[in-house]
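1. Got a sequence here, can you model it:
(one chain, ligands or ions: 1)
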Amino acid sequence: MSEQKTSKARGWLAAAVLAAACVAFSPGAVSASPPSGAAGLNLPVVLSMYDRVRSLAWHLGDMVDKSDGEPERSDGLRDIETIVIDPGHGGRNSGAIGIAAVQEKYLTLELALALRRQLQSRFPDLRVVLTRYWDTTMDLSSRTHLANRVDADLFLSLHYNAAVHDRAVGFETYYLATRQSIPGATKKPGRPIASADPRVTGVDPEQKLGSSGVQGDELAVLRRDLIRARQHRFSGLLAGLVQQRLVDAVDSADRGVKQANFGVLRGALMPAIVVESGFLTHPKEGRQVLEERHRQHLVDALTDAVEAYDRKKASLD
Ligand SMILES: [Zn+2]
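-> Reported below is the predicted structural model:
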């Protein structure tokens, strides 16, 4: 078979398997409400099936022919199997509104969907789950609950920034503050996206540890502390890599890696960060963030950072 023919055959094979499996739908664009016919469906389950079939189609394609001249895919990720992307805000919580009069909740969803598409095309085996796929209201704890439930390896909460004046500009990456300050990182008080209220901080970490629940069990406490310290360390590593890639890809001010008591991070049992992707209130940046080009730069930076994190983590394990 010629290269062209095998490539075509592989494409048809993948398409046929996908078409058979994706009777539900493939999320691609921001919609204001669940698509018709989706009522009663457990969307994360449907999308998880979609991901598995997509991955299978790739591998079937590999079995059919390994030299069909298609562009080379990434080697894949070694350590990361599941990523949860959290499009900030949604529904009644519209987030910030900037000079372009577009609500943050729509921008974060556009960004999350674009990031999901790119991650899946570069890493066909990766499972990418969004906390919301349309404009729906969600509290902070259910976002991290979801990440914990699907046993995510990373949690990325996507946001855009706002300030009371129009001079603030640039991007910054947050991870959770602890009592111990981390050298080189700036601590800032939490803001509304990040209530410190323990009622919104997510699941009890004890659940995941499989501890007996005995308060006096020193071993369980020690184990919990070790896991928390490790989660915190890797959140810092991830935040640093994301910020670095943003510096490389986005032509705006580097506001650095910061720590804060964001409620959306507090319940997460895996490395978790908040990315503040640009200021909606800045006269120039507030318009740039609406452009496809700006979004693509963010997506490139985040995808590269995920790969860099995976490499780094695999080398440390
Ligand atoms: Zn926000």
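2. Specify the local secondary structure of residue 255.
-> strand (DSSP: H, G, I helix; E, B strand; the rest coil).
3. Just give the nearest non-adjacent residue to it, would you?
-> residue 172 (3.8 Å; C-beta to C-beta, 6 or more residues apart in numbering). Every residue, glycine included, has its C-beta placed from N, CA and C.
4. residue contacts, that neighbour?
-> For residue 172, the contact set (C-beta atoms under 8 Å, 6 or more residues apart in numbering) comprises 161, 243, 255, 256, 257, 258, 276.
5. Need the phi and psi values for the residue of the chain found nearest the ion.
-> Of all residues in the chain, residue 159 sits closest to the ion, at 3.4 Å by C-beta to the ion. Note on residue 159: its backbone torsions stand at phi -140, psi 170 [degrees, to the nearest 10].
6. Averaged pLDDT, stretch 50-63. What do you get?
-> For stretch 50-63, mean pLDDT is 68.
7. quick one on the thing from earlier: what about the one helix or strand the residue nearest to residue 255 maps to, near the ion?
-> Using DSSP states H and E, residue 172 maps to strand 171-176. No - Strand 171-176 stays clear of the ion (C-beta under 5 Å from the ion), getting no nearer than 11.0 Å.
8. And stretch 274-287, what's buried?
-> For stretch 274-287, the neighbour count (16 or more other C-beta atoms under 10 Å) marks 274, 275, 276, 277, 278, 279, 280, 281, 282, 285, 286 as buried.
9. Tell me if I am right that the first one is in a strand.
-> Yes - counting by three-state DSSP, residue 274 is found in a strand.
10. just checking, it touches residue 264?
-> Yes - if you go by C-beta atoms under 8 Å, residue 274 and residue 264 touch, sitting 6.6 Å apart.
11. wait, which of the contacts of residue 172 is closest to residue 154?
-> Checking those against residue 154 with C-beta to C-beta, the nearest one is residue 243 at 15.1 Å.
12. Quickly list what the closest residue to that closest one other than its chain neighbours is bridged to.
-> In this structure, residue 243 finds its nearest non-sequential neighbour in residue 173, 4.4 Å apart by C-beta to C-beta, 6+ apart. Applying DSSP bridges to residue 173 yields these beta-bridge partners: residue 257, residue 275.
13. let's have the chain start at 23 instead
-> Sure, I'll start numbering at 23, so the last one becomes residue 195.
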